[in-house]
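Participant: Please work out how this folds:
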Amino acid sequence: MRTIKTTSGHAITLDGDLLAVLEALFSEVTAKRELERSYEDLTREIEHLVTQMTPEEVRAYFAESLFLNQVKYENDKLESYMRKLEKK
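Facilitator: Residues are numbered from 1 along each chain as shown. You can find the predicted model right below:
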């Protein structure tokens with residue numbers, strides 16, 4: 001399996017596991033900076049990772065990201081609806 005590296009050199013195995021990429025981003029950008037990071041910091045790191053991926057890898061990770069974001073969106077909508085029902 002191929003690996004890519006963060007700007008600090010942390011290796012990420014590209015095995016289709018989006019969570020591994022997200023965990024590396026959190027560790028390398030957010031945690032290392034003790035939550036003192038900006039939109040630009042995170043965007044730069046994501047761009048650095050994406051430039052190391054093949055178009056097929058980008059497409060696969062993008063599709064998984066869209067799927068997970070859709071599930072999160074649905075869960076947030078359902079949670080909001082459930083809160084409204086509880087208030088009634």
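
Participant: Can you tell me the element the residue at minimal distance from the centre of the chain falls in?
Facilitator: Most central in the chain under CA atoms, centre = their mean is L22, positioned 3.9 Å from the mean C-alpha point. With the criterion set as DSSP states H and E, the secondary-structure element containing L22 is helix 18-25.

Participant: Residues touching that helix, excluding its own?
Facilitator: Outside helix 18-25, the residues within contact range by CB atoms under 8 Å, 6 or more residues apart in numbering are 6, 10, 12-13, 42, 45-46, 49, 61, 64-65, 68. C-beta here means a position set from N, CA and C on the backbone, and glycine is covered the same way.

Participant: before we move on, the earlier item: quick one: the residue nearest to the centre of the chain from A63, how far?
Facilitator: To A63, L22 is 15 Å away according to CB to CB, to the nearest Å.

Participant: how much space between Y81 and K88?
Facilitator: In this structure, Y81 lies at 11 Å from K88, with CB to CB as the measure.

Participant: Settle it for me: which of the two has more neighbours?
Facilitator: More crowded of Y81 and K88, by other CB atoms under 10 Å: Y81, with 10 against 4.

Participant: the inter-axis angle of the strand or helix carrying that one versus helix 18-25?
Facilitator: Here Y81, judged by DSSP H and E, is contained in helix 55-87. Note on geometry: by axes from the mean of the first three to the mean of the last three CA atoms, to 10 degrees, helix 55-87 and helix 18-25 are set 90 degrees apart in direction.

Participant: Show me what counts as buried in helix 55-87.
Facilitator: Y61 (16 or more other CB atoms under 10 Å).

Participant: Distance check, the nearest residue to H48 once chain neighbours are set aside against E28.
Facilitator: Using CB to CB, 6 or more residues apart in numbering and skipping residues adjacent in sequence, the residue nearest H48 is T7, 5.3 Å away. T7 is 8 Å from E28, where distance means CB to CB.
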